[in-house]
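Trainee: sequence first, then the predicted structure:
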Amino acid sequence: MSMTAFLPWQQALASQWLSQQQRFAHAWLIHGLPGIGQLEFALAGAASLLCEDSASGVACGQCQACHWLQAGNHPDFRRIRPDAVAAQEGASPEDTEAAASKKQPSKDIRIEQIRGLLPWFNMATHRGGWRVALLYPAEAMNTIAANALLKILEEPPAHTVFLLVAEAPDRLLPTLVSRCRRLPLPVPGTSESLQWLQAHGVADASAYLAAAGGAPLLAHQLAQGGHAAVPDFIRLFLDLAAHHGARSQLADALIAEDAAVWVDAFQRLWVDLGLSAHGLGIRYYPGQSKEIQALAVELDPLALARTGQWLQTQRGLVSHPLNVKLLGDYAAERLLQAVRPYTVRAQ
Ligand SMILES: [Zn+2]
């Protein structure tokens with residue numbers, strides 16, 4: 001994937017967005033479902049604003065500015081993201097504060113990173129063009145950092161565009177959101193996503209796309225990461241739940257798996273069970289709809305909801321589980337118990 005090109009499902013929106021460069025807002029909040037390419041959109045948007053040879057408003061991918069952007073050294077472009085994200089992206093460690101202090105890289109966007117932009121605003125831009133600050137994920141700003149950015153946006157520096165990328169704009173400081181123009185990105189259509197996945201060598205594209213809730217980049221990531229579209233422990237769970245099997249087998253499977261992975265997969269299954277209980281279509285595991293429907297008709301909705309909440313709490317905790325074995329054992333018991341039919345439970 002080129003850094004300067006928009007994804008196929010973004011192109012129409014991008015052309016429309018970039019056609020108004022004469023009266024371009026100085027801060028944009030780009031948001032949408034995770035895994036549909038928000039960051040890719042923002043990067044291609046930055047490239048387009050900086051491109052020196054864009055006939056249509058969209059980056060050419062060939063000029064010096066486009067090459068600089070791809071190489072990560074365009075003087076009029078800055079990325080502001082947590083050190084932990086920078087490290088994941090493979091940024092050289094000396095760029096980050098953590099390297100100096102040998103601490104865990106920060107998961108926050110720090111106020112120093114926002115303040116660090118101030119001298120940059122006073123420098124002349126290359127050929128008098130735009131200056132673009134890309135900030136992601138915007139939710140990673142704590143209140144202090146967000147207030148520092150708000151101050152900047154109250155008197156926006158000339159020739160400068162801020163692109164804020166967020167998955168959950170409702171978690172941002174409302175005063176900050178009110179200073180930005182919102183640009184919601186649509187979820188691409190299924191056929192367009194499938195076409196793209198197939199072109200990128202994903203076999204069984206429709207199962208992966210469903211497992212990713214319709215988000216093609218997430219589907220691609222799942223497939224590339226060697227994950228099964230339907231994890232084995234989900235198949236095992238459905239089988240044990242249908243036959244009231246022993247939990248120990250499930251516990252072993254969960255203990256062997258990364259907790260973040262199974263919590264996520266079970267949250268999806270819980271959505272499907274909830275949809276199915278209301279007679280609605282299954283979203284994430286359509287290949288398992290028979291088993292899911294069979295469970296859903298006899299469910300106790302309250303037990304399902306409680307365990308759904310428990311899964312949500314685990315989501316925040318699983319990056320440092322206290323005891324992997326204990327958690328796996330407990331989860332297997334709890335998850336199977338939650339889907340037992342009323343009649344069986346009562347005995
Ligand atoms: Zn260009």
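Mentor: Everything's here; your move.
Trainee: going forward, measure contacts between C-alpha atoms and count neighbours the same way
Mentor: OK.
Trainee: and stretch 56-72, what's buried?
Mentor: Neighbour-count burial for stretch 56-72 flags 57-61, 65-70 (criterion: 16 or more other Cα atoms under 10 Å).
Trainee: hmm, that stretch in reach of the ion?
Mentor: Yes. With Cα under 5 Å from the ion as the measure, stretch 56-72 is seen reaching the ion through 59-61, 63, 66.
Trainee: I'd like the distance from the longest helix along the chain to the chain centre, please.
Mentor: In the chain, assigned by DSSP state H, the helix with the most residues is helix 259-277. With Cα atoms, centre = their mean, to the nearest Å as the basis, helix 259-277 stands 17 Å off its chain's centre.
Trainee: pick out the most distant pair among the residues of stretch 56-72 next to the ion.
Mentor: Farthest-apart pair in the residues of stretch 56-72 next to the ion is Ala59 and Cys63; separation 8.8 Å (Cα to Cα).
Trainee: quick revisit: what is the longest helix of the chain packed up against?
Mentor: helix 232-243, helix 289-296, helix 301-317 (3 or more Cα pairs under 8 Å, 6 or more residues apart in numbering; DSSP states H and E).
Trainee: out of the ones you listed, which comes closest to Pro105?
Mentor: Within these, the stretch nearest Pro105 is helix 301-317; the backing value is 18.2 Å (Cα to Cα).
Trainee: residue contacts, Ala146?
Mentor: Contacts were defined as Cα atoms under 8 Å, 6 or more residues apart in numbering; by that measure Ala146 touches 111, 173, 176.
Trainee: which one of those residues sits closest to the ion?
Mentor: Leu176 (31.1 Å; Cα to the ion).
Trainee: can you get me a residue count around the closest residue to the closest one other than its chain neighbours?
Mentor: Take Leu176 and drop its neighbours on the chain: the residue closest to it by Cα to Cα, 6 or more residues apart in numbering is Leu150, 5.6 Å away. By the criterion of other Cα atoms under 10 Å, Leu150 has 19 neighbours.
Trainee: return the nearest residue of the stretch 201-347 of the chain with respect to the ion.
Mentor: Per Cα to the ion, Leu217 is where the stretch 201-347 of the chain lies closest to the ion, at 24.7 Å.
Trainee: assumed the residue nearest to Leu176 was part of a helix.
Mentor: Yes. According to DSSP: H, G, I helix; E, B strand; the rest coil, Leu150 belongs to a helix.
Trainee: would you quantify the distance from it to Met141?
Mentor: Remark: distance between Leu150 and Met141 (Cα to Cα, to the nearest Å) = 11 Å.
Trainee: rewinding a little: which one of the helices and strands packed on helix 259-277 lies nearest to Arg131?
Mentor: Comparing the helices and strands packed on helix 259-277 by Cα to Cα, helix 301-317 comes nearest, at 36.5 Å.
Trainee: packing partners of that closest one?
Mentor: The criterion is 3+ Cα pairs under 8 Å, 6+ apart, and the helices and strands that helix 301-317 contacts are helix 259-277, helix 324-338.
Trainee: okay, now Leu33: neighbour count?
Mentor: Using other Cα under 10 Å, Leu33 is surrounded by 17 other residues.
Trainee: same question, the one 5 residues further on
Mentor: Applying other Cα under 10 Å, we find 24 residues neighbouring Gln38.
Trainee: before we move on, which element is Ile30 in?
Mentor: Following DSSP states H and E, one finds Ile30 within strand 27-31.
Trainee: quick one: buried residues of the longest helix of the chain?
Mentor: 259-260, 262-263, 265-277.
Trainee: list the contacts for Leu222?
Mentor: Contacts of Leu222 (Cα under 8 Å, 6+ apart): 208, 212, 228-229.
Trainee: Gly274 now?
Mentor: Contacts for Gly274 (Cα under 8 Å, 6+ apart) come out as 296, 301, 304.
Trainee: how far away is Arg182 from Gln288?
Mentor: Counting by Cα to Cα, the gap from Arg182 to Gln288 is 38 Å.
Trainee: and if you look at Leu13?
Mentor: The gap separating Leu13 from Gln288 is 35 Å, by Cα to Cα.
Trainee: try Pro75
Mentor: Pro75 is 51 Å from Gln288, where distance means Cα to Cα.
Trainee: ok, Val177 next?
Mentor: For Val177 relative to Gln288 (Cα to Cα), the value is 41 Å.
Trainee: swap in Phe233?
Mentor: Phe233 is 13 Å from Gln288, by Cα to Cα.
Trainee: more neighbours: which of those two?
Mentor: Comparing Phe233 with Gln288 by other Cα under 10 Å, the one with more neighbours is Phe233, at 19 against 16.
Trainee: which residues touch that one?
Mentor: 250, 253-254, 262.
Trainee: cool, and Phe41?
Mentor: Contacts for Phe41 (Cα under 8 Å, 6+ apart) come out as 6-7, 10, 14.
Trainee: could I get those in TSV, plus columns for secondary structure?
Mentor: Below are those laid out as TSV (three-state DSSP):
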residue	secondary structure
Phe6	coil
Leu7	coil
Gln10	helix
Ala14	helix
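Trainee: for those residues, pick the one with the most neighbours.
Mentor: Phe6 (25 neighbours).
Trainee: quick check, pLDDT for that one.
Mentor: Looking at Phe6, its pLDDT reads 95.
Trainee: before we move on, what about Ala99?
Mentor: If you check Ala99, the pLDDT there is 54.
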